[in-house]
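>>> Give me a 3D structure for the following:
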Amino acid sequence: MRLRALIKEPSADTVFSFAMPFIASIPAEHLGGSGLVAAVVADLVVSRRRAATISAANRRFSQQNWQTMTLVLESGIFLTMGLQAFGIVEETAAFSGGLAFAAFLAVTLGALIMVIRAVFIALMFTWLDHRHKRRQRRYEAEAARIERFEKRMHKASEVDADMLQARDLSPERCFRERDGRRRSRHRRHERGGG
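Predicted coordinates for the structure are as follows:
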């Protein structure tokens with residue numbers, strides 16, 4: 001990774017990125033381990049740290065080249081499959097069931113796969129719906145608990161009129177005192193200014 005961070009030329013970085021899986025597999029193979037696993041681990045390490053260590057130009061250039069390489073490899077695989085299709089058809093025709101049996105088998109297995117997938121998706125939706133309803137019940141229980149708490153707080157913060165009179169804190173008295181203070185300030189201001 002440190003070596004790749006030192007490479008400034010995008011072309012050289014791409015060549016190194018193509019060679020890196022093979023370089024990573026050599027020590028693992030030599031020690032009796034799996035070269036494939038070593039190559040995958042090396043790629044995971046690079047992909048995790050590449051934003052911090054590899055320049056943006058090198059990453060962009062390398063990504064374009066890897067996409068091109070992927071397209072070429074996939075095209076080669078499908079070309080090889082197409083070239084083998086003629087031999088597969090000939091061998092199937094020579095088989096006792098023939099092409100009709102092979103087509104029936106392909107359609108049947110395709111339908112079976114679709115049914116299995118539909119059942120899996122239905123089970124997944126059922127599980128997600130159950131999870132959503134469970135969360136909704138928890139949310140409603142929490143909302144009810146919060147509402148009870150707010151009612152208790154509101155009730156605790158209410159001031160009883162009898163309690164105010166007993167302590168001589170009635171609203172009328174508080175307003176009278178406030179108005180009296182205002183009048184006295186106003187008088188003092190008039191005396192000082194006059």
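>>> For N58, grab the count of nearby residues.
Using other Cβ atoms under 10 Å, N58 has 23 neighbouring residues. From N, CA and C alone the C-beta is placed, and that goes for glycine too.
>>> which SSE is it in?
For N58, the element it lies in under DSSP states H and E is helix 56-94.
>>> cool, A103 as well?
helix 98-157.
>>> Show me where the protein dips below the pLDDT cut-off.
Counting by pLDDT under 70, the chain contains low-confidence ranges at 1-5, 51, 159-175, 192-194.
>>> can we see that at 50?
194 (pLDDT under 50).
>>> which of the residues in the helix holding N58 are buried?
58-59, 61-62, 65, 92 (16 or more other Cβ atoms under 10 Å).
>>> The helix holding A103 vs helix 56-94, what angle?
140 degrees (axes from the mean of the first three to the mean of the last three Cα atoms, to 10 degrees).
>>> just to revisit the earlier point, R135: which of the buried residues of helix 56-94 is nearest?
When the buried residues of helix 56-94 are compared for distance to R135 (Cβ to Cβ), R59 wins out at 39.8 Å.
>>> Check the contact between the closest one and T53; I expect there is one.
No. The criterion here is Cβ atoms under 8 Å, and R59 misses it with T53 at 9.9 Å.
>>> Any idea how many residues pack against S34?
S34: 12 surrounding residues under other Cβ under 10 Å.
>>> who are the neighbours in contact with it?
Applying Cβ atoms under 8 Å, 6 or more residues apart in numbering to S34 gives the contacts A28.
>>> Tell me how many other residues surround H154.
9.
>>> Okay, it and E147: tell me how far apart.
10 Å (Cβ to Cβ, to the nearest Å).
>>> What of V41?
53 Å.
>>> These two: who's more crowded?
V41 (14 against 10).
>>> so what's A38 closest to, chain neighbours aside?
A28 (3.6 Å; Cβ to Cβ, 6 or more residues apart in numbering).
>>> what helix or strand does that neighbour sit in?
Counting by DSSP H and E, A28 is found in helix 10-30.
>>> Just the buried residues of that helix, please?
Result for helix 10-30 [16+ other Cβ under 10 Å]: buried residues 10, 13-14, 16-17, 20-21, 24-25, 28.
>>> Export only the CA atoms of the helix or strand just after that helix, formatted as PDB.
Reading on from helix 10-30 to the C-terminus, the next helix or strand found by DSSP H and E is helix 35-53. This file holds the C-alpha atoms of helix 35-53, laid out as PDB (Å, rounded to 0.1, in the frame of the first residue of the first chain):
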ATOM      1  CA  GLY A  35      -2.900 -17.500  -2.900                       C
ATOM      2  CA  LEU A  36      -6.500 -16.600  -3.900                       C
ATOM      3  CA  VAL A  37      -7.400 -15.700  -0.300                       C
ATOM      4  CA  ALA A  38      -4.200 -13.600  -0.100                       C
ATOM      5  CA  ALA A  39      -5.100 -11.800  -3.300                       C
ATOM      6  CA  VAL A  40      -8.700 -11.000  -2.000                       C
ATOM      7  CA  VAL A  41      -7.400  -9.800   1.300                       C
ATOM      8  CA  ALA A  42      -4.800  -7.500  -0.400                       C
ATOM      9  CA  ASP A  43      -7.600  -6.100  -2.600                       C
ATOM     10  CA  LEU A  44      -9.800  -5.500   0.400                       C
ATOM     11  CA  VAL A  45      -7.000  -3.700   2.200                       C
ATOM     12  CA  VAL A  46      -6.300  -1.500  -0.800                       C
ATOM     13  CA  SER A  47      -9.900  -0.700  -1.400                       C
ATOM     14  CA  ARG A  48     -10.400   0.300   2.200                       C
ATOM     15  CA  ARG A  49      -7.400   2.600   2.400                       C
ATOM     16  CA  ARG A  50      -7.100   3.800  -1.200                       C
ATOM     17  CA  ALA A  51      -9.000   7.100  -0.700                       C
ATOM     18  CA  ALA A  52      -6.400   8.200   1.900                       C
ATOM     19  CA  THR A  53      -3.200   7.000   0.100                       C
END
